[in-house]
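Trainee: Please work out how this folds:
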Amino acid sequence: MLTILCVSSYEKGHDFMKQAKEEGCRVLLLTSKSLEGANWPREAIDEIYYIPDRNKDWNMKDVIYGVSYLARTEIIDRIVALDDFDVERVASLREHLRIGGMGDTTARYFRDKLAMRMRAYEVGIPVPEFQHILNYEKIHEFVKTVPFPYMVKARLLAGSYGMKKVHNEQELWDRINFLGDEQSFYLMERFVPGNIYHVDSIVYNYEVKFSCVSKYGTPPFEVAHQGRVFTSKTLNQDAPEFAKLSELNAHLLKYLGLKQGVSHSEYIQSSEDGKFYFLETSARVGGANLSVLVEAATGINLWREWAKIEILNGEKDYHLPPTKNNFAGIVTSLAKQQWPDMSVFNDPEVYWKLNKEYHAGIIVASESEARRDELVDNYTKRFYEQFFATAKMGEKPTD
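Mentor: Next up, the predicted model:
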């Protein structure tokens, strides 16, 4: 019997663990002590182990000691990071226990925004001009040659956390000085205006077996920092952007070294020159319920396919299940009500509704792209009218 240790500092990956259990695996979960009361799929988990945490921060020595102690009585065959913040932890565990899978060097390409940009640039993938916030002389040279505004980004935080847009040199140095000794954990890059896309992929033996390309409505940075309703819509497979981004993404993942698993990558199409630029990638399922969006459009459950791939481990052929070709869209927002009444959204195309305090969310799916667009536009307007609330985003995630 194969034993898989799942590591997650956030509550996610239910379908991964369910699939692994259905495949006959022994499933172990290592998670934060603060999530002891979370609604984990306990019927699919053989044992749960907890790490003391403060705002999801784990002491890596505790993790290594704990898992090494566990390995005295458990033969651990696979270790899987279910959340972005656990990718490096799991890579370190694999290196320490000498268990196969992504190690420290490759994991860096999927967590460190500086490392992934440098590698993408090296292999000819367009990226906005960027500079590590490290050497002041190089920063001054960057300012002389690259026009503002810039995005100042944390190298190791996920999503829009730690990002700040600066419009001139004074704002840049104010931000750098604010960061203090944390400066070297940040980078700066030219802000490129345009539409942002995400590509959600399944990779097996370095080959992309599946890709779903989608386009955000309001850019995630604006949603997070300025307060907006979040939307995304899957692209028509006949759209020229679909082919271009699928090709670009396959090139990227190959050269970053993703052998097997899933990936969520983001690109921007510049409104100035029409080119696609790489923004960031990851070796995990996309957050913000985007995996449900993918499933609504294609019928592919990324969590379950990921579990199958981890079990196969490149040793047997992987076969993608039959896919659908629907058009799906997601609309989500913070809500002013504790439990928003979503019952009024009852069109037959409704695929999924979010059930979370102070949040409203819905996914629609249709065989008609025009009908999908009509529903997303209509629901977005109604979300603003009925539910919309905003809250200031912190520097780091807390839950």
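
Trainee: Let me see the domain layout of the protein.
Mentor: 3-101, 129-190, 195-389 (automatic domain parsing).

Trainee: measure the second one end to end?
Mentor: In other words, domain 129-190. Chord length of domain 129-190, first to last residue, is 6 Å (C-alpha to C-alpha, to the nearest Å).

Trainee: From residue 154, how far off is the residue nearest the centre of the chain?
Mentor: For the chain, residue 286 is the residue whose C-alpha lies nearest the centre (C-alpha atoms, centre = their mean; 3.6 Å). Taking C-beta to C-beta, to the nearest Å as the measure, residue 286 falls 19 Å from residue 154. C-betas here are computed from N, CA, C, even on glycine.

Trainee: do residue 194 as well
Mentor: 22 Å.

Trainee: do residue 69 as well
Mentor: Per C-beta to C-beta, residue 69 is found 33 Å from residue 154.

Trainee: who's more crowded, those two?
Mentor: The neighbour comparison of residue 69 against residue 154 (other C-beta atoms under 10 Å) goes to residue 154, with 19 against 11.

Trainee: which residues does that one contact?
Mentor: Residues near residue 154 by C-beta atoms under 8 Å, 6 or more residues apart in numbering: 113, 161, 162, 163, 185, 186.

Trainee: Kindly report the same for residue 167.
Mentor: Per C-beta under 8 Å, 6+ apart, neighbours of residue 167: 148, 149.

Trainee: measure it to residue 149 for me?
Mentor: Distance check for residue 167 against residue 149: by C-beta to C-beta, it reads 5 Å.

Trainee: what's the answer for residue 91, then?
Mentor: For residue 91, the distance to residue 149 - C-beta to C-beta - is 34 Å.

Trainee: Likewise for residue 64?
Mentor: On the measure of C-beta to C-beta, residue 64 and residue 149 end up 42 Å apart.

Trainee: Also residue 69?
Mentor: With distances taken as C-beta to C-beta, residue 69 is found 50 Å from residue 149.

Trainee: Repeat that for residue 80.
Mentor: To residue 149, residue 80 is 38 Å away according to C-beta to C-beta.

Trainee: ditto for residue 46
Mentor: 51 Å.

Trainee: what about those two, which has more around it?
Mentor: Shown here are residue 46 and residue 149; by other C-beta under 10 Å, residue 46 has more neighbours (16 against 13).

Trainee: contacting residues around that one?
Mentor: Per C-beta under 8 Å, 6+ apart, neighbours of residue 46: 26, 27, 28.

Trainee: If anything else comes up later, I'll come back, but that's it for now.
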